[in-house]
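> Prediction below, plus the sequence it came from.
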Amino acid sequence: MYVVPFPVPPLTTSRSKQTQPIRAMRVVVQRVTSASVEVQGRKVSEIGPGLLVLIGLHDSDSDSDSDAVYICRKVLNMRLFPNETSSKGWDQNVMPRNYEVLLVSQFTLYGFLKGNKPDFHVAMLSEKAKPFYAYVVDMFKISYNPDAIKAQIDDNVPRKF
């Protein structure tokens, strides 16, 4: 499993010991032979070989091109697969292999514990996250084969992104 954080400023500055909040889109990438998403017992999306990408959106993420383009470029160009012609490991990304990518919105990537209680207040709220997540999915479809990009989008199921 690989975590690709969006670049963030350092947590502390050299002039002061004051902690700055983390403001970044988080992405967890997992190579898979197959993956699917089920909501209330119903399969809403599935892929064969490729990448499962969990996307966590921070409340301060902007819906500017730079955030989505950066994550899209990084994930699609990650060399996680062996090259069978040259026998090099970790040499190819999903594109030359025509693998699929399953994108899943995962607000819990911005969870932390307050004592023994999980807290997700820094995760982007659903009203703002849905269009931003859809934009990220569109960026992946524009950058790669649209048929190879699958996303967990099911508007009939109420949930927090």
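Structure's in. What do you need? Numbering: from 1, shown residues only.

> Identify each buried residue in the helix ranked longest in the chain, please.
Ranked by residue count, the top helix of the chain under DSSP state H comes out as helix 126-143. Across helix 126-143, burial judged by 16 or more other C-beta atoms under 10 Å covers Ala129, Lys130, Phe132, Tyr133, Val136, Val137, Met139, Phe140, Lys141, Ser143. (C-beta placed from N, C-alpha, C; glycine too.)

> check which helix or strand covers Leu52.
strand 50-56 (DSSP states H and E).

> what's that strand in contact with?
25-32, 35, 71, 75, 78, 80, 94, 99-110, 123, 133, 136, 148 (C-beta atoms under 8 Å, 6 or more residues apart in numbering).

> Narrow those residues to just the buried residues.
Looking at the contacts of strand 50-56 with 16+ other C-beta under 10 Å, the buried ones turn out to be 25-29, 31-32, 35, 71, 75, 78, 80, 94, 99-107, 109-110, 123, 133, 136, 148.

> rewinding a little: can I get the helix or strand that comes right after the strand holding Leu52 in CSV, CA atoms only?
Remark: after strand 50-56, the chain's next helix or strand is helix 65-77, criterion DSSP H and E. Extracted in CSV, the C-alpha atoms of helix 65-77 (Å, rounded to 0.1, in the frame of the first residue of the first chain):
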residue,chain,number,x,y,z
ASP,A,65,-6.9,22.3,-11.1
SER,A,66,-3.6,22.0,-9.4
ASP,A,67,-4.8,19.6,-6.6
ALA,A,68,-6.6,17.2,-8.9
VAL,A,69,-4.1,17.3,-11.7
TYR,A,70,-1.2,16.6,-9.3
ILE,A,71,-2.9,13.6,-7.7
CYS,A,72,-4.0,12.2,-11.0
ARG,A,73,-0.6,12.6,-12.6
LYS,A,74,1.2,11.0,-9.6
VAL,A,75,-1.2,8.0,-9.3
LEU,A,76,-1.3,7.2,-13.0
ASN,A,77,2.5,7.5,-13.4
